[in-house]
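[1] everything below, folded, please.
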Amino acid sequence: MASEVASHPRLRLLAALAVALCAILIAGCGGASGSGDSITLYNGQHVQTTESLVASFEKATGIHVNVRNDDEDTLANQIVTEGSSSPADVIYTENSPALEHLQDKGLLAPVAPSTLARTPGRLNSPQGDWVGVSARVSMLIYNPSLIEEGQLPRKISELAASRYKGKFAFAPSETDFQPIVTSYERAYGHSATLKWLEAIKQNAAGHIYPDNETIADQVNRGAVAFGVVNQYYWYRMRAEIGAENVHSKLAYFAPRDPGYVIDVSGAAALKSSTNKTAAQKLLAFLVSRQGQEIIAHSISYEYPIASGVTATAAPETPFAALQPSPITIPQLGDGSAAISLLRQAGLL
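    The predicted structure is shown next:
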C-alpha cells in the first residue's frame, strides 16, 4: 500500500491532507498529555514560590501557564471588574478573604472533589469553590535588646496599653493584618475594635509601615522594639541576611487569643475559564505531594497543609502543635468588615 500511495500524486495529496487534519484535531483537543494547552494564572502569592510551582506543573503536564503577579486584593477586584470576560483561569492568593469575596460574587467554579479531599476540610472553602494550599500564623517579632519576652503583650488587646506607646509596629494595609481585625471584631464587637484600632494607631506612631517585610527589618535593626507579622517573614529574612545577622526573635500570643490567627492561602478556578480542564489540573497539582513539597522547601516558609506533607525547610513549630484562635474560614469571611473598620480608624 505504501508503494501505491507513493506512485500516485493524488493519493499522496490525500494522505498529506489526512495527516494535516489529524494534527489540527490533536492540537484542538490539547493532546493526551495536555501539550498545547495554555492557561492564565492571577498570582497574589510569593513570586519565587509560584515560579517553582508553575515550572514543575508545566514540565509534568505540558500545559503552559501565563502568570500575572499583583497584590491579591488588586487581582480579586480586577476579576470582579472583568466579570465573565476575565482572561484569568485560576487565581492563587495569600489569604482566604479574597477568595471568599470572589465566591460571594459567584465567579468561582467548584473544585474537583478529589482535589478538595487532599486538604483538611476546615482549611477549604465551605462551599467547595476554592482549595486551601498553605498556611501561616500571626506572631510577634521582637528585638531582645529593646524588650524582653516577658514584657511583650500576651493578648492582642494589650497593644492598646499606654506602656507600648512608640514601641511596636504594624502594617494595616497588609492583607495579612485584615484577618486579625476580623478576629478581634468577632471576639469584642465593632465598637471595641474601632477603639482598639484608634489606640494602636496612636501607640505605633511613627512605626506604621507599608508591609511586613519592613516590620521585620526595622525590628531586627533595633528601630522599634516589636511588631505584628506572620511567622514566615522572620524565616525569610533570616535566609536572606544570614543567621549571624538576625538580632530578633519570634513569640506567640496566648493560646486561642484573637491575635493568634491562622491565615490560609488558597487557589480557585474561574467559572469563566476557557480551559476548565487545565485549570482544575493546576489546582490539583498545588495540593499534590509534589506541589506541597515544593512549598515546604521554598523561601516562602509557609506551612504545607495538603497530601500529608508536614515537614518544612525551617525548624518551625509543627502546624498541628499551634494553638490559634478558633475563628473559622466562614467567620473570617471576605474581609469587608475589617477593611471598613480600618478605614474608619484612618488606617487605610
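[2] care to break this protein down by domain?
    For the chain, automatic domain parsing gives the domain ranges 34-134+264-314, 136-261+335-344.
[3] mind putting those in JSON lines, mean neighbour count and distance to Ile329 included?
    (Glycine included, C-beta is placed from N, CA and C.) Output for the domains of the chain, formatted as JSON lines (neighbours: other Cβ atoms under 10 Å; distance: least, Cβ to Cβ, whole Å):
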{"stretch": "domain 34-134+264-314", "mean neighbour count": "20", "distance to Ile329": "5"}
{"stretch": "domain 136-261+335-344", "mean neighbour count": "19", "distance to Ile329": "10"}
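[4] of those, which approaches Pro326 most closely?
    domain 136-261+335-344 (6.2 Å; Cβ to Cβ).
[5] show the average pLDDT along that closest one.
    Domain 136-261+335-344 shows a mean pLDDT of 96 in the predicted model.
[6] endpoint to endpoint, that domain covers what distance?
    End-to-end distance for domain 136-261+335-344, by Cα to Cα, to the nearest Å: 27 Å.
[7] about what we covered before: any chance of the domains of the chain in TSV with distance to Pro324 as columns?
    TSV is the format used below for the domains of the chain (distance: least, Cβ to Cβ, whole Å):
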stretch	distance to Pro324
domain 34-134+264-314	11
domain 136-261+335-344	5
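[8] which of those sits closest to Gln323?
    Short answer: domain 136-261+335-344, nearest of the domains of the chain by Cβ to Cβ, at 3.6 Å.
[9] chain center to the closest one, what's the gap?
    19 Å (Cα atoms, centre = their mean, to the nearest Å).
[10] can you check stretch 328-344 too?
    Centre to centre, stretch against its chain (Cα atoms, centre = their mean), the figure for stretch 328-344 is 17 Å.
[11] same check, this time on stretch 102-111
    Averaging C-alpha positions (Cα atoms, centre = their mean) puts stretch 102-111 17 Å from its chain's average.
[12] average pLDDT across that stretch?
    pLDDT averaged over stretch 102-111 gives 97.
[13] would you map the helices across the stretch 101-250 of the chain?
    Secondary structure of the stretch 101-250 of the chain (DSSP state H, counting those that start in this stretch): helices at 113-116, 178-188, 190-204, 212-221, 232-241.
[14] CSV for those, including distance to Gly335?
    Below are those laid out as CSV (distance: least, Cβ to Cβ, whole Å):
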stretch, distance to Gly335
helix 113-116, 22
helix 178-188, 5
helix 190-204, 14
helix 212-221, 17
helix 232-241, 20
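[15] do you know which of these lies nearest Ala160?
    helix 190-204 (3.6 Å).
[16] which residues are contacting the closest one?
    157, 159-162, 164-170, 172, 181, 184-185, 188, 208, 337, 341-342, 344-347 (Cβ atoms under 8 Å, 6 or more residues apart in numbering).
[17] strands - which of the residues you listed land there?
    If you go by DSSP state E, the contacts of helix 190-204 have 168-169 in strands.
[18] tell me how far stretch 312-328 is from the chain's mean position?
    16 Å.
[19] then stretch 84-102?
    Counting by Cα atoms, centre = their mean, stretch 84-102 comes out at 11 Å from the chain centroid.
[20] hey, C-alpha coordinates of it in CSV?
    The C-alpha coordinates for stretch 84-102 follow below in CSV (Å, rounded to 0.1, in the frame of the first residue of the first chain):
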residue,chain,number,x,y,z
SER,A,84,-17.2,36.8,32.6
SER,A,85,-14.7,38.4,30.2
SER,A,86,-11.7,37.8,32.6
PRO,A,87,-8.7,36.2,30.9
ALA,A,88,-7.9,34.5,34.2
ASP,A,89,-8.4,30.8,34.5
VAL,A,90,-7.0,30.4,38.1
ILE,A,91,-6.4,32.8,41.0
TYR,A,92,-3.9,32.0,43.7
THR,A,93,-3.9,34.2,46.9
GLU,A,94,-2.2,34.6,50.2
ASN,A,95,-5.3,34.8,52.3
SER,A,96,-8.8,33.3,52.2
PRO,A,97,-10.9,36.6,52.3
ALA,A,98,-10.0,37.5,48.6
LEU,A,99,-11.3,34.0,47.5
GLU,A,100,-14.4,34.3,49.7
HIS,A,101,-15.1,37.7,48.1
LEU,A,102,-15.0,36.1,44.6
